[in-house]
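Novice: Got a predicted model here, sequence first, then my questions.
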Amino acid sequence: MAIITKLERAEPARLDVRAVELMESILGQARCREVMEETCFDLVDCLAAIEASLHVKDHAKSRRLATEIASLSAQIGLDDFSLSARNLMDCIDTGNWTALAPVTARMMRLGEASLMSLLDLSDDPYA
């Protein structure tokens, strides 16, 4: 009988708090929260759009959206999410269609977890 091992797909989201603190020191607390919330909404829109563009195999649009996700997420301290978007860009650039689906799934999971951790931070009254 074969042994089946269940692989965990969950990855903890990591937030570079220093990037958030730097933004807060430059913009002030209120404006920093506004920028973070706006960026979160932009990232959610990008995630929905990239999922749709990958579904119809519009790789040029997917590449552009992955670039936007990588840039936006890096700016607000979501480095792992940014790296996963760059990994997706690499798959598209090299034509690695075999890896595209799992890399996309990982980016979507990290995106969701990262955005939730960022929103949790912004809801913290003691932050």
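Specialist: That came in fine, so what should we check first? This structure is a prediction, so every number in the text was calculated from the model and none was measured. Numbering: from 1, shown residues only.

Novice: what stretches of the chain score poorly on pLDDT?
Specialist: Applying pLDDT under 70 to the chain flags the ranges 1, 5-9, 122-127.

Novice: and with 80 instead?
Specialist: 1-13, 118-127 (pLDDT under 80).

Novice: End to end on stretch 90-101, go ahead and measure it.
Specialist: End-to-end distance for stretch 90-101: 13 Å, by C-alpha to C-alpha, to the nearest Å.

Novice: Can you list the buried residues in that stretch?
Specialist: 91, 92, 100 (16 or more other C-beta atoms under 10 Å). All C-beta spots, glycine's among them, are computed from the backbone N, C-alpha and C.

Novice: Work out for me the element residue 37 sits within.
Specialist: Assigned by DSSP states H and E, residue 37 falls within helix 29-55.

Novice: make that residue 69, sorry
Specialist: Assigned by DSSP H and E, residue 69 falls in helix 59-75.

Novice: Going by contacts, tell me the helices and strands next to the following helix or strand past that helix.
Specialist: Counting by DSSP H and E, the next helix or strand C-terminal to helix 59-75 is helix 79-94. Using 3 or more C-beta pairs under 8 Å, 6 or more residues apart in numbering; DSSP states H and E as the contact test, the elements touching helix 79-94 are helix 59-75, helix 97-123.

Novice: Now do helix 79-94: everything it contacts.
Specialist: 11, 13-14, 16, 50, 59, 62-63, 66-67, 69-71, 73-74, 96-97, 99-100, 103-104, 106-107, 110-111, 114 (C-beta atoms under 8 Å, 6 or more residues apart in numbering).
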